[in-house]
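Colleague: Next comes the sequence, and after it the predicted model I'd like to discuss.
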Amino acid sequence: MIANLVIPSPFILAPLAGYTDLPFRLLCREFGAGLCVSEMISCHGLCFKQPKTLELLISSSKEHPVSFQLFGADPDIMGEAAAILSSFHPALIDINMGCPVKKVTKRGAGAALMANPELAERIIGKVIQNSTVPVTVKIRAGVSLKELNGEEFARMAEAAGAAAITVHGRTWSQGFSGKSDRIIIASIKKVLSVPVIGNGDVLSYQEGLAMLAETGCDAVMIGRGALGNPWVFTEAGRPADLSAILTGAIRHMELIEQYLNTDHMLGTIKNHIGRYFKHLPGSANLRKAVYDSPTFFRLKDILSDLRDRGTANNSLR
C-alpha cells in the first residue's frame with residue numbers, strides 16, 4: 001500500500017524512456033504487474049504543452065492504478081507541472097531523481113539531484129503542494145561509490161512528504177554498469193517508515209521474490225527485464241514454446257494498434273517486438289523478418305501466420 005492506494009501485486013513496471021507507453025503498460029498489467037509507471041515526463045514540455053510530451057499522457061481506465069513520472073530541476077515549474085498532471089487523475093505522481101542519462105543530468109535533473117539535496121527537497125515540496133495525489137520519489141544508492149548518500153537522501157525525501165521511495169541499487173556514477181547493491185536498499189528500508197520499492201537487476205519473478213526477501217522492501221520495480229518479456233510478472237515466467245511467445249507479441253501489437261498511431265512509429269514498434277525473440281536459439285531469421293517488415297500490418301501478419309500455421313519452431317531452423 002502506498003498512502004491509501006492498494007497495489008494488487010508487489011511487482012511494478014519501471015519507467016523506461018521509449019518503452020513504457022500505454023500499450024506496454026496495459027500489456028504488463030494484463031500479465032500481472034500491480035502498478036505501471038509512465039515514461040519520464042518533462043516538466044518544461046508539460047508546462048509548454050509540447051505535443052510529444054502530451055502524447056506521454058495518453059492513458060486508459062483499464063491500466064489504473066498508474067503512476068506518471070515527472071522530471072526537472074526547477075521547483076516552480078515542477079510544481080506547475082504537478083498541477084497539470086493531477087488533472088489527468090493518475091493514482092500517483094513520481095519524481096525522477098535517479099535517471100543517470102547525461103541529457104537529463106546535465107540540466108540538473110534526474111540523478112544529478114542526488115548531489116543537490118537542498119534543491120531536491122524544494123522540488124519535492126513544490127510537487128506535493130500542487131498535487132492532488134500522493135507523490136513518490138525514485139532515487140539511487142548515492143552519487144558515487146565514494147558518496148553513498150542514498151540513506152540520508154531518502155530520509156530527506158520522506159521528511160519532505162514523499163509517500164514512498166524507489167531505490168535503484170546503483171549510484172549515479174555507475175549508470176547502468178556494475179551490480180545493483182541490495183545491501184543499500186535494505187539499509188534504506190530499515191530507516192524509513194514509508195514503503196520502499198527495490199529496483200535493479202531483477203530479470204525474473206523469482207529474482208523479484210529474492211529481492212523482497214533479502215532487502216525487506218515492500219515492492220520490486222522491474223525495468224529492462226520486462227522488455228519483450230511481460231511474463232516476468234508471472235510466477236511461471238517466460239514460456240519455452242515459441243507459439244506462446246508469438247501470442248504475447250501479437251497481443252502487444254493489438255494494443256499498439258488500438259491506442260497509438262502506427263504510421264509514424266514503425267521503428268519503435270520493431271524495437272519492442274524484436275525483443276520478444278532476443279536470445280532465442282536460432283531466432284536470427286525471425287528477428288530479421290521483424291526488422292525487415294515494411295509496415296506495421298505486414299509485421300502483424302507475419303507473426304500471426306507463424307503462430308496460426310503452427311510452423312513457428314520450423315522458422316527458427
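Modeller: That came through, no problem. Residues are numbered from 1 along each chain as shown.

Colleague: Quick check: residue 193 vs residue 161, distance?
Modeller: Between residue 193 and residue 161 the computed distance is 12 Å (Cβ to Cβ, to the nearest Å). Every C-beta, even on glycine, is put in place using the N, C-alpha and C of the backbone.

Colleague: Which one's more surrounded, the two?
Modeller: Neighbour count, other Cβ atoms under 10 Å: between residue 193 and residue 161, residue 161 has more, with 17 against 6.

Colleague: ok, which stretches of the stretch 51-200 of the chain are strands?
Modeller: Applying DSSP state E, counting those that start in this stretch to the stretch 51-200 of the chain gives strands spanning 66-71, 92-96, 135-140, 165-168, 196-199.

Colleague: orientation of the second one relative to strand 135-140 in degrees?
Modeller: I take that to be strand 92-96. 30 degrees (axes from the mean of the first three to the mean of the last three Cα atoms, to 10 degrees).

Colleague: so how far is strand 92-96 from its chain's centroid?
Modeller: 11 Å (Cα atoms, centre = their mean, to the nearest Å).

Colleague: returning to what we had before: for the strands of the stretch 51-200 of the chain, which one ends up most surrounded?
Modeller: A comparison of the strands of the stretch 51-200 of the chain by mean neighbour count, using mean count of other Cβ atoms under 10 Å, puts strand 165-168 on top with a mean of 30.

Colleague: Show me what that one is packed up against.
Modeller: Judged by 3 or more Cβ pairs under 8 Å, 6 or more residues apart in numbering; DSSP states H and E, strand 165-168 is in contact with strand 135-140, helix 150-160, helix 182-191, strand 196-199.

Colleague: Include distance to residue 174 and mean pLDDT when you put the ones you listed into TSV, please.
Modeller: Output for the helices and strands packed on strand 165-168, formatted as TSV (distance: least, Cβ to Cβ, whole Å; pLDDT from 0 to 100):
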stretch	distance to residue 174	mean pLDDT
strand 135-140	8	98
helix 150-160	12	98
helix 182-191	12	98
strand 196-199	13	98
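
Colleague: among the ones you listed, which is nearest residue 96?
Modeller: strand 135-140 (5.5 Å; Cβ to Cβ).

Colleague: From the contact counts, what lies against that closest one?
Modeller: Where contact means 3+ Cβ pairs under 8 Å, 6+ apart, strand 135-140 is packed against strand 92-96, helix 117-130, helix 150-160, strand 165-168.

Colleague: The first one pairs with which strands, parallel or anti?
Modeller: Each strand pairing with strand 92-96, determined using DSSP bridges, is listed with its direction: strand 66-71 (parallel), strand 135-140 (parallel).

Colleague: ok and the last one relative to helix 150-160, angle-wise?
Modeller: Meaning strand 135-140. Going by the same axes, to 10 degrees, strand 135-140 makes 170 degrees with helix 150-160.

Colleague: Need the CA coordinates for strand 135-140. CSV is fine.
Modeller: Below are the C-alpha coordinates for strand 135-140, written out as CSV (Å, rounded to 0.1, in the frame of the first residue of the first chain):
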residue,chain,number,x,y,z
VAL,A,135,3.8,11.8,-4.5
THR,A,136,6.7,9.2,-4.6
VAL,A,137,10.4,9.7,-5.4
LYS,A,138,12.8,7.5,-7.3
ILE,A,139,16.4,7.7,-6.2
ARG,A,140,19.7,5.9,-6.5
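
Colleague: neighbouring contacts of stretch 7-18?
Modeller: By Cβ atoms under 8 Å, 6 or more residues apart in numbering, the residues outside stretch 7-18 that reach it are 1, 20, 24-25, 28, 32-40, 65, 69, 94, 96, 101, 138, 197, 199, 205, 208, 212, 218-224, 226-227, 232-233, 268, 271.

Colleague: How about stretch 236-249?
Modeller: 27, 204-206, 228-232, 273, 276-277, 280, 303, 306-307, 310, 312-313, 316.

Colleague: repeat that with 10 Å
Modeller: Identification of contacts with stretch 236-249 by Cβ atoms under 10 Å, 6 or more residues apart in numbering yields 27, 30-31, 203-206, 228-232, 272-277, 280, 282-283, 286, 290, 299-300, 302-316.

Colleague: Likewise for stretch 267-275?
Modeller: Contacts to stretch 267-275, defined as Cβ under 10 Å, 6+ apart, come from residues 18-19, 21, 23-24, 27, 224, 226-229, 249-250, 252-253, 256-257, 260, 262, 265, 283, 286-293, 296, 299-300, 302-303.

Colleague: and the residues you listed, which are buried?
Modeller: Applying a neighbour-count criterion of 16 or more other Cβ atoms under 10 Å, the buried members of the contacts of stretch 267-275 are 19, 21, 23-24, 27, 224, 226-229, 249-250, 252-253, 256, 260, 262, 283, 286-287, 289-290, 293, 296, 299-300, 302-303.

Colleague: Among these, which lie within helices?
Modeller: Members of the buried ones among the contacts of stretch 267-275 lying in helices (criterion: DSSP state H): 23-24, 27, 249-250, 252-253, 256, 286-287, 289-290, 296, 299-300, 302-303.
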